[in-house]
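Peer 1: below: sequence and its predicted model.
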Amino acid sequence: MSLSTPSSSLLPACEALPTQSPDGARAEVLLQSPGDPARSVLYWLPALGVSARQYLPLAEALAHAGVAVAIHEWRGIGSSNRRAGRRENWGYRELLQDDLPAGLAAVRRRLPHERLLLGGHSLGGQLASLYAALHPEAAAGLAVVASGSPYWRQYRHGRWIRLAYAAAPWLANMVGYLPGKRIGFGGNEARGVIDDWARSGRTGRYTAVGMADDLERCLARLALPVVALRFADDWLGPERSLSWLLAKMPGAQVDRQLITSDDMDGRPADHFGWMKTPRPVADRIAAWQARLP
């Protein structure tokens, strides 16, 4: 299946690659290829509650720079055949062990030889880091954008955020899922995802219910090149939050860059606004990957 938009008229049509996880969960990975053969394909993980389609402008900007982009669809969002509810629940385990391998396999069937990079926005950057740590041989580099550990101590108003990490799992358990669309945070999120996310926010450490892997130890062994892009006006991804995440990967070769409103033609350099005009992000990722061996 192919998709096309007016802004992608000089590029091949965006493809929708079907994926299926071992438990029957299905979704589509959106693949935007450049006009010429790509050296690299960036497998991109969205932020919490954000559908794959919303990153098509980023994918097109990177494709114009010669980088293929495959956009993952989170379980419960967009093209996914699952929706969080009292009878449908999942956590980081399903996302990391089932859905991401299924999506990556679909891309590898389509692009078997290109160098693979992992990347993501916000929670997507965190889970891309965890997947890279669990499978260090899978990718040649890692890009984290507007991301960082959600540890409450790394935020200016951390005590209030700590309360949110207690309230969100309680609300999700009461309703059967976190009604993010109603409260203005994420989408309608599974209880397990919120439990795993809130635990990392309370403790500053990554664990996932049902996973035997020591995620912190895996991160500590990771030795990939990393580009970390932070936005100057992003209160959801402050410098201390990013530093806490990157400190978990002491062996990584990190290129940290700050994007300001000057880079955004005077628009605020914040957590989500860049998605509408992603050229500054695309340019930096493209330049970084061109320097990789």
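Peer 2: Great, that's in hand.
Peer 1: so who does Asp263 touch?
Peer 2: 269, 280 (Cβ atoms under 8 Å, 6 or more residues apart in numbering). Where C-beta positions appear, they are placed from N, C-alpha and C, glycine not excepted.
Peer 1: where does it sit, in terms of helix or strand?
Peer 2: For Asp263, there is no enclosing helix or strand under DSSP states H and E.
Peer 1: pull the longest helix from the chain.
Peer 2: helix 158-175 (DSSP state H).
Peer 1: what residues does the helix or strand that that one is followed by touch?
Peer 2: Downstream of helix 158-175, the first helix or strand assigned by DSSP H and E is strand 178-179. Residues from elsewhere that reach strand 178-179 (Cβ under 8 Å, 6+ apart): 84, 168, 171-172, 185-186, 188-191, 194.
Peer 1: same check on stretch 206-222?
Peer 2: 91-93, 96-97, 126, 129-130, 132-134, 136, 192, 195-196, 199-200, 205, 248-252.
Peer 1: change it to 10 Å
Peer 2: 90-97, 126-127, 129-136, 142, 149, 192-193, 195-197, 199-200, 204-205, 245-252 (Cβ atoms under 10 Å, 6 or more residues apart in numbering).
Peer 1: could you list which of the residues you listed belong to helices?
Peer 2: Using DSSP H, the contacts of stretch 206-222 in helices are 92-94, 126-127, 129-134, 192-193, 195-197, 199-200, 245-247.
Peer 1: list only buried entries from the residues you listed.
Peer 2: With burial judged by 16 or more other Cβ atoms under 10 Å, the buried subset of the ones in helices among the contacts of stretch 206-222 is 92-94, 126-127, 129-134, 192-193, 195-197, 199-200, 245-246.
Peer 1: the residue with the largest distance to the centre of the chain and Ala286, how far apart?
Peer 2: Centroid-distance maximum for the chain: Met174 at 27.4 Å, with Cα atoms, centre = their mean. Counting by Cβ to Cβ, to the nearest Å, the separation of Met174 from Ala286 is 45 Å.
Peer 1: and what of Ala146?
Peer 2: 17 Å.
Peer 1: more crowded one of the two?
Peer 2: Ala146 (27 against 18; other Cβ atoms under 10 Å).
Peer 1: for that one, what are its contacts?
Peer 2: 47, 120-122, 124-125, 228-231, 234, 236-237, 242, 259, 269-275, 281.
Peer 1: same thing but 8 Å
Peer 2: Contacts of Ala146 by Cβ under 8 Å, 6+ apart are 47, 121-122, 125, 229-231, 234, 236-237, 271, 274.
Peer 1: got it, and Leu48?
Peer 2: 74, 122-124, 180, 185-187, 189, 193, 197.
Peer 1: now do the helices in the protein.
Peer 2: 56-64, 92-94, 100-110, 123-134, 158-175, 180-183, 191-203, 215-221, 239-247, 279-291.
Peer 1: out of the ones you listed, which gets the lowest mean score?
Peer 2: Ranked by mean pLDDT, these bottom out at helix 180-183, with a mean of 93.
Peer 1: list the buried residues in that helix.
Peer 2: Gly180.
Peer 1: which strands and helices lie in contact with it?
Peer 2: Using 3 or more Cβ pairs under 8 Å, 6 or more residues apart in numbering; DSSP states H and E, the elements in contact with helix 180-183 are strand 188-189.
Peer 1: again, 10 Å this time
Peer 2: helix 158-175, strand 188-189 (3 or more Cβ pairs under 10 Å, 6 or more residues apart in numbering; DSSP states H and E).
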